[in-house]
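In: My questions concern the predicted model and sequence given below.
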Amino acid sequence: MNLTCVVDSKTTRPYLKGEHGLAIWIESADGVVLYDTGQTADVLCNNLKRLNLPLDQLTAVVLSHAHYDHTGGLPALLQERPGLPVYAHPDLFRPRYSHLLMKHRFIGLGLVREELMRQADVHLSNEPVEILPGLWTTGEITTRDEALGTSSRLCIKGDDGSWQPDPHRDDLSLVWRGKEGLTLICGCCHAGILNTLDHVQRVFNDRIVNIFGGIHLKDANNEERTRVVNVLREKYTDIRLYLNHCTGDAVIQELAGAFQGCVMRFPVGMAKIVE
């Protein structure tokens, strides 16, 4: 399987565009999946073209969660490929907000349910789904004994109209079962990286050898970050990490120090083959 970063804030070449968002092109012998669509059509389409990643080869899109920086390029994508299969969690359409400076700003999916259902072949499930042979969604991460990957700004409006912390029920990662073991591909990992790793080992019953994407530790406190580093060091001794987006520069440096030679950035334009 070949993974190419299409959208991230950092790029490998001057003709590639960066933004706060994520999209990863995942290609195997059985098809091509785009995991998330970045924040804007401009960046997504530019980078796909510049990286010679043709949309007519695309088998499906998987949305890790509803936030705009992961779903913003979807309308433009569906204009080019109407009827494309789109996989996500059933809670995708819940409005999401960011609370900052006494204001609530909408940061959720820009398409309402009816629009997306009309434009795409939508598959919603809170259970693991096999998108391509060997490539699965995690399903909903229901057991959450460890900290979430979130911040106090992220919220939803409850049924009673009150503002509540976003539970991030819609958070999905991808799992590739390869020859060496499991590769975990994260969007933001709002369900929490340690919770997600526990879920993946329990459901897929194999060792995890790679982690790609964003693991949302940029807002974590020192105790939470130390906990992640210590658990990774204890339970996942030979793991390799290719990190970007919401992980946080300081956290990437900290992990690189703890896992010498096994932690790399995964900016736009970087491609990696995993067995």
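Out: Happy to help now that I have it. Quantities reported herein were computed from a predicted structural model and do not represent experimental measurements. Numbers count the residues shown, from 1 in each chain.

In: Surely residue 268 touches residue 12?
Out: Yes: contact criterion Cβ atoms under 8 Å: residue 268 and residue 12 qualify, at 6.4 Å. All C-beta spots, glycine's among them, are computed from the backbone N, C-alpha and C.

In: more neighbours, these two?
Out: Neighbours were counted for residue 268 and for residue 12 using other Cβ atoms under 10 Å; residue 268 has more, 27 against 14.

In: Apart from its chain neighbours, what residue comes closest to the more buried one?
Out: residue 11 (4.2 Å; Cβ to Cβ, 6 or more residues apart in numbering).

In: which residue sits closest to the residue nearest the centre of the chain in space, ignoring its chain neighbours?
Out: Nearest residue to the geometric centre of the chain (Cα atoms, centre = their mean): residue 187, 1.0 Å. Excluding the flanking residues, the one nearest residue 187 by Cβ to Cβ, 6+ apart is residue 64, at 2.4 Å.

In: name the element the one you found belongs to?
Out: Using DSSP states H and E, no element contains residue 64; it sits outside every helix and strand.

In: switch to numbering from 12
Out: Shifting the count to begin at 12 puts that one at residue 75.

In: number of nearby residues for it?
Out: The burial count for residue 75: 28, using other Cβ under 10 Å.

In: swap in residue 112?
Out: There are 5 residues near residue 112, going by other Cβ under 10 Å.

In: sorry, back to before: pull up the gap between the residue nearest to residue 279 and residue 142, please.
Out: Going from residue 22 to residue 142 by Cβ to Cβ, to the nearest Å gives 27 Å.

In: before we move on, back to that, for the residue nearest to residue 279, what are phi and psi?
Out: phi -130, psi 160 (degrees, to the nearest 10).

In: That one and residue 276 touch, don't they?
Out: No: counting by Cβ under 8 Å, residue 22 stays clear of residue 276, with 10.9 Å between them.

In: Doesn't residue 195 lie inside a helix?
Out: No: counting by DSSP: H, G, I helix; E, B strand; the rest coil, residue 195 falls outside a helix, being strand.

In: Could you pull up the residues touching it?
Out: When contacts are counted by Cβ atoms under 8 Å, 6 or more residues apart in numbering, residue 195 touches 184-186, 207-208, 211, 219, 221-223.

In: how about the residues you listed in CSV, adding neighbour count and distance to residue 241?
Out: Output for the contacts of residue 195, formatted as CSV (neighbours: other Cβ atoms under 10 Å; distance: Cβ to Cβ, whole Å):
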residue, neighbour count, distance to residue 241
184, 30, 21
185, 26, 26
186, 23, 24
207, 26, 17
208, 26, 13
211, 24, 19
219, 20, 17
221, 21, 20
222, 28, 16
223, 25, 22
